[in-house]
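# sequence? don't have it. structure:
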């Protein structure tokens, strides 16, 4: 009996594609469910009919303010920020072939945080000014890390080590600023540092949506090249990929996603770190990981926000909950890498 290799390959491709589509649809349904839940739940629970009327512009006493002013911006920011963190984290991890290569770990988020804390505590600024400073600082720190890692030839391991060093330095700056600040100013900075969806205004959503859509699309279009980069520098060059240009576009896109998301909600811990590995486990090896990672990021942020609001007597910012979820995985990953000699 002769085995047709072409049929086997075609069947395997179809199976992988079906798995990707099935997982993505399920993640999309779960994300939509969490979005609806975030609009329904609060101090007052509204029916889907009332929420829909408010979203369509009808004025309903109490519901218009609660849903339109408080819950809708919170839900949309959680959805978009989670997607930005998820896509950016997965991009770095895939491109650098290391699960530790997350913006949380390599200092990009810390750059935005240091700038925001400086603005809040030293310059006494708030709102838009803090967001602008956070975006500029995140991009600047990412450019510095990339430039330092370019000495000689590019190395993902070098970039990660430099990023960890920069993160340690920036965290020290943040600690110094907190210690030197007035006790009346510190709570505002700590709330921002914890990563929170509280107080997000609807006016900030359109720009965030444009950034996530534009740079997410760039990463999605470069997804095939991203998978080739995962094979290594020499293999990518052999297959015709312009590695420097592709890597630069991917890094810039991911950094813009991280910087703008952090500017809106603060550094929501471990979402970028967790989303990629979870999505990879679900869709399987070799499958496109960008969209599933973005959906996982949204699920993590929206789910953690609901847990932080309603699961405890005290309400916790979303970053506290995601930090509790992410810290054990980081420890597990470090132990696993230590046992396997540095390979995850």
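Nice, I can see it. Fair warning: this is a prediction, and the values are worked out from it, not measured in the lab. Numbers count the residues shown, from 1 in each chain.

# excluding covalently adjacent residues, which one is nearest to residue 293?
residue 90 (3.6 Å; CB to CB, 6 or more residues apart in numbering). To be clear about C-beta, it is placed using only N, CA and C from the backbone, and glycine gets the same treatment.

# SS state for the one you found?
On the three-state scheme (DSSP: H, G, I helix; E, B strand; the rest coil), residue 90 is labelled helix.

# what's the answer for residue 81, then?
Residue 81 is classified as helix under three-state DSSP.

# the residue nearest to residue 293 contacts residue 278, doesn't it?
No. Using CB atoms under 8 Å, residue 90 is not in contact with residue 278, being 9.7 Å away.

# identify the contacts common to those two.
residue 293 (CB atoms under 8 Å, 6 or more residues apart in numbering).

# and the helices in the stretch 101-250 of the chain?
108-121, 128-149, 156-180, 186-194, 205-221, 223-229, 233-238, 243-265 (DSSP state H, counting those that start in this stretch).

# so which of those is the most surrounded?
helix 108-121 (a mean of 26; mean count of other CB atoms under 10 Å).

# got the angle between that one and helix 243-265?
Calculated by axes from the mean of the first three to the mean of the last three CA atoms, to 10 degrees, helix 108-121 forms an angle of 40 degrees with helix 243-265.

# quick one, phi psi at residue 44?
As for residue 44, its main-chain torsions (degrees, to the nearest 10) stand at phi -120, psi 130.

# what pLDDT does it get?
pLDDT, residue 44: 87.

# re earlier: what's the closest of the helices of the stretch 101-250 of the chain to residue 293?
Closest to residue 293 of these, according to CB to CB: helix 205-221, at 9.8 Å.

# pLDDT averaged over the closest one - what is it?
Across helix 205-221, pLDDT averages out at 93.

# for stretch 25-40, same thing?
On average, stretch 25-40 scores 95.

# check which residues of it are buried.
Going by neighbour count (16 or more other CB atoms under 10 Å), the buried part of stretch 25-40 is 27, 30, 31, 34, 35, 38, 39, 40.

# what of stretch 38-52?
For stretch 38-52, by 16+ other CB under 10 Å, it's 38, 39, 40, 46, 50, 51.

# what sits closest to the first one if chain neighbours are left out?
With CB to CB, 6+ apart as the criterion, residue 38 has its nearest non-adjacent residue at 4.1 Å, and that residue is residue 75.

# name the SS class of the one you found, please.
helix.

# isn't it up against residue 302?
Yes. If you go by CB under 8 Å, residue 75 and residue 302 touch, sitting 7.1 Å apart.

# look at those two and report which has more neighbours.
When neighbours are counted by other CB atoms under 10 Å, residue 302 comes out ahead of the other of residue 75 and residue 302, with 26 against 22.

# from residue 52, how far out is that one?
19 Å (CB to CB, to the nearest Å).

# and residue 163, by the same measure?
45 Å.

# again with residue 187
Residue 187 is 37 Å from residue 52, by CB to CB.

# for residue 64, what are its contacts?
54, 58.

# repeat the analysis, applying 6 Å as the threshold.
residue 54 (CB atoms under 6 Å, 6 or more residues apart in numbering).

# check residue 249 too.
No contacts exist for residue 249 under CB under 6 Å, 6+ apart.

# let me know the pLDDT of it.
89.

# what does the one 3 residues further on give?
Residue 252 is assigned a pLDDT of 88 by the prediction.

# how near is it to residue 244?
12 Å.

# which secondary element of the chain has the worst mean pLDDT?
In the chain, no helix or strand scores lower on mean pLDDT, DSSP states H and E than helix 233-238, which sits at a mean of 72.

# name the residues that touch that helix?
228, 229, 243.

# ok, of these, which one's closest to residue 212?
Among these, and counting by CB to CB, the member closest to residue 212 is residue 229, at 22.3 Å.

# compute the distance between residue 97 and residue 230, please.
6 Å.

# would CSV of the helices of the stretch 101-250 of the chain with distance to residue 6 be doable?
Output for the helices of the stretch 101-250 of the chain, formatted as CSV (distance: least, CB to CB, whole Å):
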stretch, distance to residue 6
helix 108-121, 44
helix 128-149, 42
helix 156-180, 35
helix 186-194, 55
helix 205-221, 29
helix 223-229, 22
helix 233-238, 24
helix 243-265, 30
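
# ok, back up a step: so between residue 90 and residue 278, which is more surrounded?
Neighbour count, other CB under 10 Å: between residue 90 and residue 278, residue 90 has more, with 29 against 19.

# mind listing what residue 143 touches?
Contacts of residue 143 by CB under 6 Å, 6+ apart: none found.

# next one: stretch 45-52 to chain centre, how far?
30 Å (CA atoms, centre = their mean, to the nearest Å).

# and residue 81, how far is that from residue 262?
Taking CB to CB, one finds residue 81 at 8 Å from residue 262.

# ok, and for stretch 17-26, which residues are buried?
20, 23, 24.

# ok, residues contacting it?
So stretch 17-26 is contacted by 282, 283, 284, 287, 291, 292 (CB under 6 Å, 6+ apart).

# what subset of these is buried?
By 16+ other CB under 10 Å, the contacts of stretch 17-26 give 282, 283, 287, 291, 292 as buried.
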